[in-house]
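Chemist: Sequence plus the predicted model coming up.
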There are 4 protein chains.
Amino acid sequence: MAHRVAVLGASGYVGAELVRLVATHPSIEIAALSADRKAGLAMGAVFPHLRHLDLPGLVAISEIDFGTVDLVFCALPHGTTQPVIKGLPRDIKVVDLSADFRLRDPEAYRKWYGKPHEAPDLQREAVYGLTEFYRDAIRSARLVACTGCNAATGQFALRPLIEAGLIDLDDIVIDLKAGVSGAGRALRENLLHAELSEGTHAYGVGGTHRHLGEFDQEFSALAGRPVEVVFTPHLTPANRGILATVYVKGEPEAIHAALSAAYADEPFVVVLPFGEHPSTRHVRGSNLVHLGVVGDRRPGRAMVIAALDNLTKGSSGQAIQNANLMLGEDETAGLMLAPVFP
Amino acid sequence: MAHRVAVLGASGYVGAELVRLVATHPSIEIAALSADRKAGLAMGAVFPHLRHLDLPGLVAISEIDFGTVDLVFCALPHGTTQPVIKGLPRDIKVVDLSADFRLRDPEAYRKWYGKPHEAPDLQREAVYGLTEFYRDAIRSARLVACTGCNAATGQFALRPLIEAGLIDLDDIVIDLKAGVSGAGRALRENLLHAELSEGTHAYGVGGTHRHLGEFDQEFSALAGRPVEVVFTPHLTPANRGILATVYVKGEPEAIHAALSAAYADEPFVVVLPFGEHPSTRHVRGSNLVHLGVVGDRRPGRAMVIAALDNLTKGSSGQAIQNANLMLGEDETAGLMLAPVFP
Amino acid sequence: MAHRVAVLGASGYVGAELVRLVATHPSIEIAALSADRKAGLAMGAVFPHLRHLDLPGLVAISEIDFGTVDLVFCALPHGTTQPVIKGLPRDIKVVDLSADFRLRDPEAYRKWYGKPHEAPDLQREAVYGLTEFYRDAIRSARLVACTGCNAATGQFALRPLIEAGLIDLDDIVIDLKAGVSGAGRALRENLLHAELSEGTHAYGVGGTHRHLGEFDQEFSALAGRPVEVVFTPHLTPANRGILATVYVKGEPEAIHAALSAAYADEPFVVVLPFGEHPSTRHVRGSNLVHLGVVGDRRPGRAMVIAALDNLTKGSSGQAIQNANLMLGEDETAGLMLAPVFP
Amino acid sequence: MAHRVAVLGASGYVGAELVRLVATHPSIEIAALSADRKAGLAMGAVFPHLRHLDLPGLVAISEIDFGTVDLVFCALPHGTTQPVIKGLPRDIKVVDLSADFRLRDPEAYRKWYGKPHEAPDLQREAVYGLTEFYRDAIRSARLVACTGCNAATGQFALRPLIEAGLIDLDDIVIDLKAGVSGAGRALRENLLHAELSEGTHAYGVGGTHRHLGEFDQEFSALAGRPVEVVFTPHLTPANRGILATVYVKGEPEAIHAALSAAYADEPFVVVLPFGEHPSTRHVRGSNLVHLGVVGDRRPGRAMVIAALDNLTKGSSGQAIQNANLMLGEDETAGLMLAPVFP
């Protein structure tokens, strides 16, 4: 029998991507969809690409009967999620796609998000949702906080290297290129087609991007000492996809060997042959991560390049991967869709 | 047990799209992949987005053991397919995605493709592959000739109207906007990113596009008299998607009613409410067709607008839909993937 | 000595394009820039591509000293312009880029724009700003109302044909493909990059687009009888450029000859050899119009295809062309910039 | 009287951009255009955006009468230029846009371009064409070798810092994002729209990109010791524009001050206020460079971000800037075109 899920915040791109993936999932069905400002509309009116599906209408969260719901995907904006999850029945599992429960330390949350955490008790039971590294804890979790899309991309490149002590922890540069859907469906001038297409620019320069909170937390925990990476995201004129070019000091072949070993059994992580490197085009619409390692001409330096689709592996696919574990299903259920190219 | 298929011409976009769709098909598996110039390469080297799949390597057609193959998808270039299919064992079913067997009249073939047909006997048994209209014949066919992507888009808009005698047959204008993947992976200057992006132009203007051969054949047969539409395709800076804006003379509401009735039970064809019209963005990567009808300010005139993904419903999805019927499977097997937006 | 101009509404794309063109104009200088909501900002803060220019800051209209201004370019939103122009000193020439003074009949204005005209007296002295056809009247005008970008594209294709009686006036179809900058810098969901890129859709379908008011007015006046075209604009994923594919009934070669003759001496209008047709890519950033004529396979039918840049010839370049005439300068002054390709 | 120039290799994007810029140059006129494979064609047939110009037809180099030519722009492919320039009359000035004369050391040329230099004598008199830094030598040069577009972008960010000893020379990372026109009009699969759009990938990873030869030469000369930067270029789905994100170790404010001072009097280089950073969109089609400096959260580290248009300041605009100096004209003549945005 299918598990019944509710999607809160279904009118954003992350919500739409959840519905897209659930549409062909063998054992999950949509019980409810919420969207406060668009409550009352059909999902097909908000996202015409989903109009062929038989979906519940968009309602306010307060209208949802959670009695028939097994799991909630919470795709609400950052900073609005904590009270909502606090108000859900305790027997419902929750996969949160916002940033609200990613940082274990409430002080770190306050630092990066500019306000006190409203649900520190819930925070304590939240499991960080980067599936490949928190698999066991996720399986038994009630609340999973999915990784940010940029933070996920950088961690796939770096975690095994930091854990193995293969790179200089004081000189890590993550230069990241992202498609625009990661910024959501917000009405902001810099997201207009006429503003964004045909060019590139950096944003969050200088160590100000909030995903640094996740990098700091995870890398420092792995290293057993503070690790602060240099991180510059850029916006490129594409809708989906993140490419992280990570500059490290270490032996390139050892780095490649460590990544190959770490991901050898992972269904969604592909480590390319040494010297090859990935493109965002080749993971679009899929839950795959492609990783490449190239040695620099200068000995002892390497570039690790990671590519994933921010809406799939970077958020909604990752969320379903976590839900599969929490619901006792096969981890890959519904997620083996091949990338869409061209 | 899975049906075993070979894909001939697997190094083009249509071949890659077949493999993408088969990757999550419940009852079809890839037995062989051919690509003459790229024989010897792995599919993942030619299409890195498919590198996570366990696929046979690319070989020359002559190297394929057809003894274990149930059905062949033939995605070879126009004009090269006739001798190849002629040389296949008679007990293998064939779904051809080229133009080589679409035109029933060899004279029409000579007119539009500029050379005599090389396999007129095979032509006689070929069934035209627009599934929604040739379903029964396809089910029992040995050789199915899939519809051209532009020709399919126009036919979804017009067939029920011509059949019902609802429109003036002498004044049909099809203005079509297509993404670039329909032109294939050929190395042509006008397909370069720097040439194609940021603009629009027409091509095949003046009644010279070869898909007119299909329009003429099909519409004339439906009408029982010669029908010659005016047809201008345009290339737009997108990879996938065809939008056909069809100008007709007839009563808009009757036209909408006829389309709604014709497609009421079709799993892949969605007729929008009267007055709404579709976008290519909302069918991308799916086997869906979206159709809309809007009445003009001048009475007795209407615009019928059709959208589909040229690589899916316009070729590879359509091909699998046909293969499903020929193999006795559910027509929708493996094809209910939701569109990828944004 | 340079003519001093003010640009009202300088924070939109049309305003920015005016400033771009004036930047290399030999005899026009910017005296003032207004932008109500962005008053107080530097132009370079609103449009960083203009930051190298020495420009006056953005102010409210009320702050401008019109005593030193020779001509006003008014690039305010439709429907807000009438009271502003009414309030300007009578000795200042005005080139209006909004729709507020394009329709000579106040009833037509009410019909297409949904409210009564607020300055019918001014309307009476306004000259329609399609320079090639109103050159003499523009030279002596005080108030010129520039043509809408879509309306201009269609008129370049059709005016000489209607005037010469070469085509069937009852069967004109204008299928138009436009880049997104014509929609302005407004914060609307459908103008977001993630919504608009990678696809195409129609808008204003069914005879509802306001530029039909201009087509009706101009074509009916030329024909001496009512002319109502069928007109469907489409949005394509490009920033600049309009391509109008116009379907007419008439003799293709006579049509080509009439266009060639009509534009033989025009510095900005290029008629391509018979059978060739234009692309928006080849006029981008310039004040040029490219026109092509192709005969259909059906005798007595032709496609006239016109391309221009909506921000240049479609609005700001056209406005400067008009200003040149009004100020006694050479009509081409500052406007011979070659297109930017790729 | 106008200076007469020949453009060799006029059928590529760099050649077309030269013609675009010369079209509105006050004192340069085109005397001859060459294009070996396209000899015999009109320039407007090869580049329809230039069809309104009165240009000489494309001819083979051997057909050009150099007796009436003052200066040659040589836009031939890398590796083919040396014999051509060797064969030109000694009294003609030459601005070379290829890589053939950029590296002063013939051994460096052999290392990066894989073959011996064919004109080492000419190499000795060649002046490196980064105008802002070689202005005096260029003024009196006979042969100027224009900087590579990527090499130029990185040097604008770094030269003043290296010269002033403000940064750690052993830890410079240049992560560069480039539009596709820099790759030229070559028929390569990875330059097709369907391959390139909607994604990002790196190329020349690992210290293999040939522009490193220029970085090594110039930075080492400035530093008086070997300097080897880490450099990774990426291809983004845009036609024009390069953004270089340069990671350095040094005091951010001192870095900003040094750049501001170095470029205070430069007409084409704009240093943004401290903490701001540029976008490629805002220099498109212009000869401008925009530079920004942002301090990292980690003390002693900064990001210097540089943006320019690869076809203008990165090649053809730079070439005309050099020609202006060599011909005794104002350095900015014909080059103050404002960027085209959107």
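Modeler: It's in. Values in this document were obtained by computation on a predicted structure and should not be read as measured data.

Chemist: buried stuff in stretch A:132-151?
Modeler: Within stretch A:132-151, the residues scored as buried using 16 or more other C-beta atoms under 10 Å in any protein chain shown are A:132-134, A:138-139, A:141, A:143-151. Yep, even glycine has a C-beta here, placed from its N, CA and C like the rest.

Chemist: and these, which two are the farthest apart?
Modeler: A:Arg139 and A:Asn150 (25.7 Å; C-beta to C-beta).

Chemist: ok, back up a step: among the buried residues of stretch A:132-151, which lie within strands?
Modeler: Counted as lying in strands by DSSP state E, out of the buried residues of stretch A:132-151, are A:Leu143, A:Val144, A:Ala145.

Chemist: does the second one really touch A:Asn324, like I thought?
Modeler: No: here A:Val144 lies out of contact with A:Asn324, judged by C-beta atoms under 8 Å, at a distance of 11.3 Å.

Chemist: Find the residues that touch each one of these two.
Modeler: Common neighbours of A:Val144 and A:Asn324 are not found (criterion: C-beta atoms under 8 Å, 6 or more residues apart in numbering or on different chains).

Chemist: Check the offset of the one helix or strand A:Val294 maps to from the chain's centre.
Modeler: If you go by DSSP states H and E, A:Val294 is part of strand A:289-295. Counting by C-alpha atoms, centre = their mean, to the nearest Å, strand A:289-295 is centred 19 Å from the centre of its parent chain.

Chemist: what lines up beside the helix or strand following it in the sheet?
Modeler: Moving toward the C-terminus from strand A:289-295, the first helix or strand encountered (DSSP H and E) is strand A:301-308. Strand A:301-308 sits in its sheet next to strand A:242-249 (antiparallel), strand A:289-295 (antiparallel), going by DSSP bridges.

Chemist: Also within reach of chain D: list those from the ones in strands among the buried residues of stretch A:132-151.
Modeler: Among those, proximity to chain D is found for none (C-beta under 8 Å from any C-beta of the partner chain).

Chemist: Columns distance to chain C on top of those residues, output as CSV?
Modeler: As requested, these are exported to CSV (distance: C-beta to the nearest C-beta, whole Å):
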residue, distance to chain C
A:Leu143, 29
A:Val144, 26
A:Ala145, 25
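
Chemist: Just put those in CSV and tack on pLDDT and distance to B:Asp91.
Modeler: As requested, those are exported to CSV (pLDDT from 0 to 100; distance: C-beta to C-beta, whole Å):
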residue, pLDDT, distance to B:Asp91
A:Leu143, 98, 58
A:Val144, 98, 53
A:Ala145, 98, 57
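
Chemist: Next to chain B in this structure, residues from chain A, please.
Modeler: Applying C-beta under 8 Å from any C-beta, we find that chain A lies next to chain B at A:13, A:16, A:19-20, A:23-24, A:47-53, A:181, A:197-198, A:239-240, A:270, A:272, A:278-279, A:281-286, A:288, A:290, A:336-342.

Chemist: and with 7 Å instead?
Modeler: A:13, A:16, A:20, A:23-24, A:47-53, A:181, A:198, A:239, A:270, A:279, A:281-282, A:285, A:288, A:336-342 (C-beta under 7 Å from any C-beta of the partner chain).

Chemist: Which among these count as buried?
Modeler: Buried by 16+ other C-beta under 10 Å: A:13, A:16, A:20, A:23, A:47-53, A:181, A:198, A:239, A:270, A:279, A:281-282, A:285, A:288, A:336-342, out of the residues of chain A next to chain B.

Chemist: Would you map out the domains in chain A?
Modeler: A:3-125, A:150-309 (automatic domain parsing).

Chemist: The buried ones among the residues of chain A next to chain B: which ones sit near chain D?
Modeler: A:Glu198, A:Asn239, A:Ser279, A:Arg281, A:Pro342.

Chemist: Which ones, among those residues, also lie beside chain C?
Modeler: Counting by C-beta under 7 Å from any C-beta, the members of those near chain C are A:Glu198, A:Asn239.
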